[in-house]
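> coordinates only, sequence not included:
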């Protein structure tokens, strides 16, 4: 199986996806397959960019974050189809 490393956009999308219904940092770490040091940096970046909100130690994807996810999915959808065709 060919494993490809995730880039920043993939990681941001994974975090935003996990946080759509609200998630604690620990949930994000495990569900997005990250470590605490890395997730801290991404949470700060996504919060300052307006894609995540933090409330009572939970993170929530904002409307801007949902827009990012929609655009990200539209962008990678054709690429996933190409990958499947090559397998």
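Received it, and whenever you're ready, just let me know what you need. Note that the structure is predicted; figures quoted are calculated from it, not measured.
> hey, where'd the helices end up in this structure?
For the chain, applying DSSP state H gives helices covering 8-18, 25-31, 36-48, 63-86.
> Return the distance of the helix or strand of the chain with the lowest mean pLDDT from the chain's centre.
Of all the helices and strands that make up the chain, helix 63-86 has the lowest average by mean pLDDT, DSSP states H and E, namely a mean of 85. The gap between where helix 63-86 is centred and where its chain is centred comes out at 12 Å by Cα atoms, centre = their mean, to the nearest Å.
> buried stuff in it?
Burial within helix 63-86, assessed by neighbour count using 16 or more other Cβ atoms under 10 Å, is assigned to 65, 68, 69, 72. Heads up, the C-betas are built off the backbone N, CA and C, glycines and all.
> Find the nearest non-adjacent residue to residue 45, please.
In space, not counting the residues next to it along the chain, residue 45 is nearest to residue 12; the distance is 7.7 Å by Cβ to Cβ, 6 or more residues apart in numbering.
> What of residue 39?
Beyond its immediate neighbours in the sequence, the residue positioned closest to residue 39 (Cβ to Cβ, 6+ apart) is residue 29, lying 5.1 Å away.
> Including distance to residue 57, could the helices of the chain go into TSV?
Putting the helices of the chain into TSV (distance: least, Cβ to Cβ, whole Å) gives the following:
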stretch	distance to residue 57
helix 8-18	15
helix 25-31	7
helix 36-48	11
helix 63-86	18
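> hang on, the residue nearest to residue 39 packs against residue 42?
No - using Cβ atoms under 8 Å, residue 29 is not in contact with residue 42; the gap is 10.4 Å.
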